[in-house]
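Undergrad: Turn this into a model:
(chains A and B)
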Amino acid sequence: MSYEISGPPLISPWMMLSMSEARTDIDETKIVIPGQPVCDAPQQFMRGHGTYTRDGEIVSSLSGVVQQLNRLLMVKTIKQRYAGEVGDVVVARVVEVQSKRWKCDVTSRLHANLPLGSVLLPGGDFRRKDVEDEEKMSEFLKKGELICAEVQQVQHDGTLMLHTRNNKYGKLQQGIMIKVPPHLIKKSKKHFHTLPYGMAVIIGCNGNVWVTPSLPETTVEEDGSHITEFQKVPQDVRLAMIRVAACIRLLRDYSIAIFLNSLTTCYEMSQPYDIKELSEQDTSSRLAYLIAARLMQEFSSQN
Amino acid sequence: MEVQISDDEKLFLIHGVESDLRNDGRSCEDFRPMILERGVLSGTNGSCRVQLGQTTDVLAGIKLELESFDTIAYPKPRQPIYFHVDFTANASTQFAGKGGDQYGEEVAAAFHAAYSRSLDFIPNLSKTLVAEGYRWKINMDVSILQWAGSFPDAISLAVIGALSDLEIPEVEVAPDDGGKVSVVLKRPRHGGNMRDEEVPVEMWKLDVTKCPLLLTVSKIGTANLVDCCPEEESCIRAQLLVGISQNPEEEKYDVTCVKQLGGGLLEMESVLEMIELAQKATKGIYEALAKRLKTEERRKPGHSFLL
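TA: Residues are numbered from 1 along each chain as shown, chains lettered A, B, ... in the order given. Take a look at the predicted model:
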């Protein structure tokens, strides 16, 4: 039993981090808001994405960071909805079953498409997909179910085409999903991680993080179908999963990038605390400060 | 609010709840950390903001009204607290337009029922009857700013917070022409040559130690739990709203109202179990609330909204 009523925090998490030393190395002249000139000498540069010309000046149309590529100037936003890139691993939720395709919510501006032809049906790679399969689509993936997929193509309007043509992708079963802002996800070679705590995470590039007892590829049977597990997750695995989930929420609340290293660092450093303490103000702020400092230190020692 | 959640996620959640370990690390009897702040609205006579787990966000404000009523139609003293609950469209798009009205009325009715004996459990509430035919009417307006589960719990905390924050002016009653009375604000005389309007009005406060808490107790699988988050609410079999008021003299927790929210069936045995859990939780929350009300430091109104 725990009942705790406290007052509002004196400062918000983002204010706390902006005061910490971790964020002092940002060049503030490179941060622009809409309507602000991007450079001093507009004649020498070309305008790129996120900019427009006004009275001969190159002006930002977004709030973000100025990036330069030879003579091209562009503005990249820091915080925005997920804009997919080919090859990204995403965790998506099915919102509609249509004819020959599923519509999925990937927290992007538009729903993504998963065509029937791009999924791996039980029975192997080269099975013909016929009308019968079309009728059984809602048996395979229902509305509300979670999938893990890869972005195959980005269309002109920004719609993503997904595919799950690999054993590591497909329907997700028991686990916890945590939504984080997509800009916190650090792109890396691997987004599937089996952690040494007896569980696994899938860090979707679209900001959906999936915490699960085991990765989908470990439950595949020979014919390509997934074993449906209804059995209870053991208590120790569940505890580890919940602690990892709490760690992800903590990293999210304090705007710390989410990748394998930050996650394991947070997990190890959270050990002295109870899981439910991690959502409390003073514990989490202290912990976040330490994690940010540790990560900065590791980062600077690598370079 | 509807959250999309797949059957497998639900299965995981239900198994967890049954083994007393929820997805955020709490046990079934734990509440999310609560934040309570009084005096947040400068335009009200008393106000309070309550946040549950940084997501459910409820704002309560009180406006006083000196009401004259017909003494023949209402010979007995009536309960002077009136509730109005408003679900803003920010909380969920389903409340846009008139979407939240019916729901708001339902919740307000539950609070009316729980506070119907307020004259008994707030000992000095009868003081709101200032004279024959005149009384202070306490208009309690509650606004749900954000919704992430178990909002009645948050509302009942905000209501108690606002009632404890409420300052009611002292009045002087003087007989007037035709058997009527005139009601004037009481301003203590300190001498000197201050004008009447500059002397602060004397105020008095309500005693809220026995005000009822309304808690939601939900049944998920075979477990009973308090303070559900939206994912858990989508797995609920049946939910009870239990109003409980503290009786400090006898160390007892009396049930003032019980209402079932949503659908589902409950056996008598589990109803009793759920009420018992609510009573247990009430005890803890009363203690935490009393501590918070005592130690609170006042800040500038509206400061916390900017964080």
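Undergrad: Near residue 82, how many other residues are there?
TA: Answering for chain A, as no chain was given. Residue A:82 has 22 neighbouring residues, counting by other CB atoms under 10 Å in any protein chain shown. In this view, the C-beta of every residue, glycine as well, is placed from N, C-alpha and C.
Undergrad: meant chain B, my bad for not saying
TA: Other residues close to residue B:82 by other CB under 10 Å number 16.
Undergrad: Thought residue B:141 was touching it, still the case?
TA: No - using CB atoms under 8 Å, residue B:82 makes no contact with residue B:141, being 9.3 Å away.
Undergrad: Please export the C-alpha coordinates of stretch B:209-226 as PDB.
TA: Listed next in PDB are the C-alpha coordinates belonging to stretch B:209-226 (Å, rounded to 0.1, in the frame of the first residue of the first chain):
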ATOM      1  CA  THR B 209     -12.000  16.200   8.100                       C
ATOM      2  CA  LYS B 210     -15.000  14.000   7.500                       C
ATOM      3  CA  CYS B 211     -15.700  14.800   3.900                       C
ATOM      4  CA  PRO B 212     -16.300  11.600   1.800                       C
ATOM      5  CA  LEU B 213     -13.800  10.300  -0.700                       C
ATOM      6  CA  LEU B 214     -15.200   8.600  -3.800                       C
ATOM      7  CA  LEU B 215     -12.900   5.900  -5.000                       C
ATOM      8  CA  THR B 216     -13.200   3.600  -7.900                       C
ATOM      9  CA  VAL B 217     -12.500  -0.100  -7.300                       C
ATOM     10  CA  SER B 218     -12.200  -2.300 -10.300                       C
ATOM     11  CA  LYS B 219     -12.300  -6.000 -10.900                       C
ATOM     12  CA  ILE B 220      -9.800  -7.300 -13.400                       C
ATOM     13  CA  GLY B 221      -9.600 -11.100 -13.600                       C
ATOM     14  CA  THR B 222      -9.900 -12.300 -10.100                       C
ATOM     15  CA  ALA B 223      -8.200  -9.300  -8.500                       C
ATOM     16  CA  ASN B 224      -9.600  -6.000  -7.100                       C
ATOM     17  CA  LEU B 225      -7.600  -2.900  -7.700                       C
ATOM     18  CA  VAL B 226      -7.600   0.800  -7.100                       C
END
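Undergrad: how about it, does it reach chain A?
TA: No - Stretch B:209-226 is not in contact with chain A by CB under 8 Å from any CB of the partner chain; minimum separation 9.6 Å.
Undergrad: got it, and stretch B:158-166?
TA: No - judged by CB under 8 Å from any CB, stretch B:158-166 makes no contact with chain A; its nearest approach is 9.4 Å.
Undergrad: In which helix or strand does residue B:65 reside?
TA: strand B:56-68 (DSSP states H and E).
Undergrad: tell me which strands and helices that strand is in contact with?
TA: The contact analysis (3 or more CB pairs under 8 Å, 6 or more residues apart in numbering or on different chains; DSSP states H and E) places strand B:56-68 against strand B:46-52, strand B:134-146, helix B:151-165.
Undergrad: and those as a markdown table, adding mean pLDDT and distance to residue A:252?
TA: Output for those, formatted as a markdown table (pLDDT from 0 to 100; distance: least, CB to CB, whole Å):
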| stretch | mean pLDDT | distance to residue A:252 |
| --- | --- | --- |
| strand B:46-52 | 92 | 18 |
| strand B:134-146 | 92 | 17 |
| helix B:151-165 | 92 | 23 |
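Undergrad: Can you give me the neighbour number for the residue of the stretch 101-250 of chain B found nearest chain A?
TA: Nearest residue of the stretch 101-250 of chain B to chain A, counting by CB to the nearest CB: residue B:157, 7.6 Å away. By other CB under 10 Å, 26 other residues sit near residue B:157.
Undergrad: Repeat that for residue A:212.
TA: 24.
Undergrad: which residue sits closest to it, ignoring its sequence neighbours?
TA: Among residues not flanking residue A:212 along the chain, residue A:175 sits closest, at 3.6 Å (CB to CB, 6 or more residues apart in numbering or on different chains).
Undergrad: Now that neighbour: phi and psi?
TA: phi 160, psi -170 (degrees, to the nearest 10).
Undergrad: was I right about it contacting residue A:208?
TA: No - using CB under 8 Å, residue A:175 is not in contact with residue A:208; the gap is 11.3 Å.
Undergrad: partners of the strand holding residue B:65 in the sheet?
TA: Strand B:56-68 has these partner strands in its sheet, going by DSSP bridges: strand B:46-52 (antiparallel), strand B:134-146 (antiparallel).
Undergrad: tell me the angle of the first one relative to helix B:151-165?
TA: Meaning strand B:46-52. Calculated by axes from the mean of the first three to the mean of the last three CA atoms, to 10 degrees, strand B:46-52 forms an angle of 150 degrees with helix B:151-165.
Undergrad: follow-up on the earlier one: go through the strands paired with strand B:56-68 and pick out the most buried.
TA: Between the strands paired with strand B:56-68, strand B:46-52 has the highest mean count of neighbours, a mean of 26, where neighbours are mean count of other CB atoms under 10 Å in any protein chain shown.
Undergrad: just the CA coordinates of that one, formatted as PDB?
TA: Taking Å, rounded to 0.1, in the frame of the first residue of the first chain, the C-alpha atoms of strand B:46-52 are listed here in PDB:
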ATOM      1  CA  GLY B  46     -11.600  28.300  -3.200                       C
ATOM      2  CA  SER B  47      -9.800  26.200  -5.800                       C
ATOM      3  CA  CYS B  48      -7.800  23.000  -6.000                       C
ATOM      4  CA  ARG B  49      -5.900  21.100  -8.700                       C
ATOM      5  CA  VAL B  50      -5.200  17.400  -8.500                       C
ATOM      6  CA  GLN B  51      -3.100  15.300 -10.700                       C
ATOM      7  CA  LEU B  52      -2.900  11.600 -10.600                       C
END
